[in-house]
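Undergrad: model the following, please.
(one chain, ligands or ions: 4)
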Amino acid sequence: RLIEHELRRAVSGGELKLVYQPQIQIDSGEVIGFEALLRWHNRRRGDVPPNVFIPIAEESGLIVELGDWVLLEACREAASWDEPLTVAVNVSAVQLHSQEFPHKVHDVLIRTGLPPHRLELEITETALIKDMNRALAALRQVKSLGVRVAMDDFGTGYSSLSNIRAFPFDVIKIDRSFIKSVDKNEQAAAIVRAVLGLGRGLGLPVMAEGIETSDELRFLTDEYCAAGQGFHLGEPAAIEHFDHIVRTGS
Ligand code: G
Ligand code: G
Ligand code: MN
Ligand code: NA
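TA: Ligands and ions are numbered 1, 2, ... in the order given. Below you'll find the predicted structure:
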């Protein structure tokens, strides 16, 4: 396919970049880290959304090359910050299940000098179910390096509850579909309260994704949700936009 061919060239042609979205500690309002999000700008196609090109990259196996680039770029960027904030990187199923993945993570940490605890890998439940044993082994290996692991899009996959018990996650990210209108929708509110209770019981902090309004944020504050992310708190942008946060004295 043409788009696949173009995506292949995007890696070497410098058409990819990362934007960063702030992750906030809700009680203090402080930025605790950034999620790195991949963007592709093609001269002919313009901006191609990740929802379009990530699935193509996954089907074609190109995601491994793309993922390697994202991981190195994000760690190199975070290692340059004055503030010891975390950087969160999305990892797809194909990457997680490739034999070399834990070694690549180790290698990137060595190359960039980023302290392992400042890297957080975001993994969706869907990425776990392909081969549970392989996924568990990979997560244990990266955890043994000191890297943090987040369960991404929690609530949208299969058998969430057994996954949360079987895998060594450090944080649960509630999917944004449950945060939307959580202040007005009783069903969403019940689900979010249940996930917060689950996190509390298991000793796992919960991060709410997709906070778009001050009312949604107020609900999460009142319910003692630990952390949040969303357009209301900060849109993904080029890292230069956040210089005042990552650099001391600027
Ligand atoms: O940034 P945006 O909300 O448009 O991203 C859409 C989807 O693409 C999200 O599910 C997000 O997790 C995914 N995504 C963004 N960047 C990356 C990346 O670097 N690697 C992988 N595997 N997925 C990404
Ligand atoms: O699946 P994942 O959680 O990695 O998706 C991250 C995606 O969510 C990014 O592409 C980002 O652009 C998007 N995103 C971040 N904050 C918000 C928000 O407040 N509302 C919506 N609709 N999307 C958001
Ligand atoms: Mn994510
Ligand atoms: Na998510």
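Undergrad: and the strands in the protein?
TA: Along the chain, the stretches classed as strands by DSSP state E are 16-25, 31-42, 46-48, 86-91, 119-124, 148-154, 171-174, 206-208, 227-228.
Undergrad: deepest-packed of these, please.
TA: strand 206-208 (a mean of 29; mean count of other C-beta atoms under 10 Å). Placement of C-beta: from N, CA and C, glycine included.
Undergrad: so which elements touch that one?
TA: Taking 3 or more C-beta pairs under 8 Å, 6 or more residues apart in numbering; DSSP states H and E as the contact definition, the neighbouring helices and strands of strand 206-208 are strand 171-174, helix 186-202, strand 227-228.
Undergrad: could I get the average pLDDT for stretch 139-159?
TA: The average pLDDT within stretch 139-159 is 93.
Undergrad: that stretch and ligand 4, are they touching?
TA: Yes. Interface with ligand 4: stretch 139-159 contributes Asp152, Asp153 (C-beta under 5 Å from the ion).
Undergrad: run through who's touching that stretch.
TA: Outside of stretch 139-159, the residues within contact range by C-beta atoms under 8 Å, 6 or more residues apart in numbering are 86, 88, 90, 96, 101-102, 105-106, 109, 115-117, 119-126, 128-129, 160, 163-164, 167-175, 177-178, 191, 195, 207, 209.
Undergrad: likewise for stretch 205-212?
TA: Stretch 205-212 is contacted by residues 23, 26, 150, 153, 170-177, 179-180, 192, 195-196, 199, 216-217, 220, 225-233 when judged by C-beta under 8 Å, 6+ apart.
Undergrad: kind regards, and thank you for your time.
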